[in-house]
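> Model the structure of this input:
(one chain, ligands or ions: 2)
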Amino acid sequence: MKIFVLVSLFAVGYCHICLLSPPQRGTMTGINSPGAKDCILTTAPCGGRQPTRDATFYGRGENITVTFMKNLDHYNKTSPGKFVISLSEREGTTPKVLATVPDGGEPSLHIYTVKVRAPMEPPNTMHYLQVTYEPNNAQAPKTFYQCADVGFEPRNGSE
Ligand SMILES: *[C@@H]1O[C@H](CO)[C@@H](O)[C@H](O)[C@H]1NC(C)=O
Ligand SMILES: *[C@@H]1O[C@H](CO)[C@@H](O)[C@H](O)[C@H]1NC(C)=O
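Residues are numbered from 1 along each chain as shown. Ligands and ions are numbered 1, 2, ... in the order given. Okay, here's the model as predicted:
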């Protein structure tokens, strides 16, 4: 009988998150390995990354599949943390929470797929979709941030 032992290679338990789709601002390098630098951004609201021109566009009211990765796990068994998906106008309005996903203790590199609904916003207003990871772990930063630039446009037949 084999005994599997989980060994943490990381003395400091920094959790990591990366936003795959829509694609996060900036680079997304080396994310096939736990502990990737591009997945450890801790500055609100977007990890210190500036808006890009490469926004992803969706139809108003369309279903959006948000795909993100827990790049490095640091699960708190007694009081699990969470992931929060929210949407903000680029020019600072209060974020609107679209979905909350509990941290179920999934291993590092786990990919989460969450369906959210695009709002019926006026077209041509740039937004950012933000995913945060709050691991609720004393040995990690309180919140990790990623943002993707998104816009909403009327689509044929949807008006
Ligand atoms: C969006 O998802 C909901 C719930 O899963 C579904 O009922 C609806 O038909 C979907 N809308 C579109 C436009 O695909
Ligand atoms: C887990 O959460 C509880 C309640 O917030 C906290 O007291 C405890 O320190 C956390 N555990 C770790 C390992 O951070």
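> all strands of this protein, in order?
Using DSSP state E, the strands of the chain run over 16-21, 56-59, 63-72, 82-89, 96-102, 110-117, 127-134, 144-153.
> Tell me the bridge partners for the residue nearest the centre of the chain.
Taking C-alpha atoms, centre = their mean, the centroid of the chain lies closest to Val131, which sits 3.0 Å from it. With beta bridges defined as DSSP bridges, Val131 has these partners: Ile85, Gln146.
> what about the nearest residue to Lys142 once chain neighbours are set aside, how many neighbours?
Once flanking residues are discounted, Lys142 sits nearest to Glu134: 6.5 Å by C-beta to C-beta, 6 or more residues apart in numbering. Using the backbone N, CA and C atoms, a C-beta is placed for each residue, glycine as well. When neighbours are counted by other C-beta atoms under 10 Å, Glu134 registers 19.
> For Glu134, list the residues it contacts.
Listed by C-beta atoms under 8 Å, 6 or more residues apart in numbering, the contact partners of Glu134 are Gly81, Lys82, Phe83, Val84, Lys142, Thr143, Phe144.
> Distance to Glu121 and neighbour count added to these, as TSV?
Output for the contacts of Glu134, formatted as TSV (distance: C-beta to C-beta, whole Å; neighbours: other C-beta atoms under 10 Å):
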residue	distance to Glu121	neighbour count
Gly81	29	21
Lys82	25	14
Phe83	23	21
Val84	19	17
Lys142	30	13
Thr143	25	17
Phe144	26	27
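> residue contacts, Leu129?
Leu19, Pro22, Ile64, Val66, Ile85, Ser86, Leu87, Leu98, Cys147, Ala148, Val150.
> Now list the buried members of those residues.
Among those, those classed as buried by 16 or more other C-beta atoms under 10 Å are Leu19, Pro22, Ile64, Val66, Ile85, Ser86, Leu87, Leu98, Cys147, Ala148, Val150.
> Go back to these and keep what's next to ligand 2.
Of the residues in those, proximity to ligand 2 by C-beta under 6 Å from any ligand atom holds for none.
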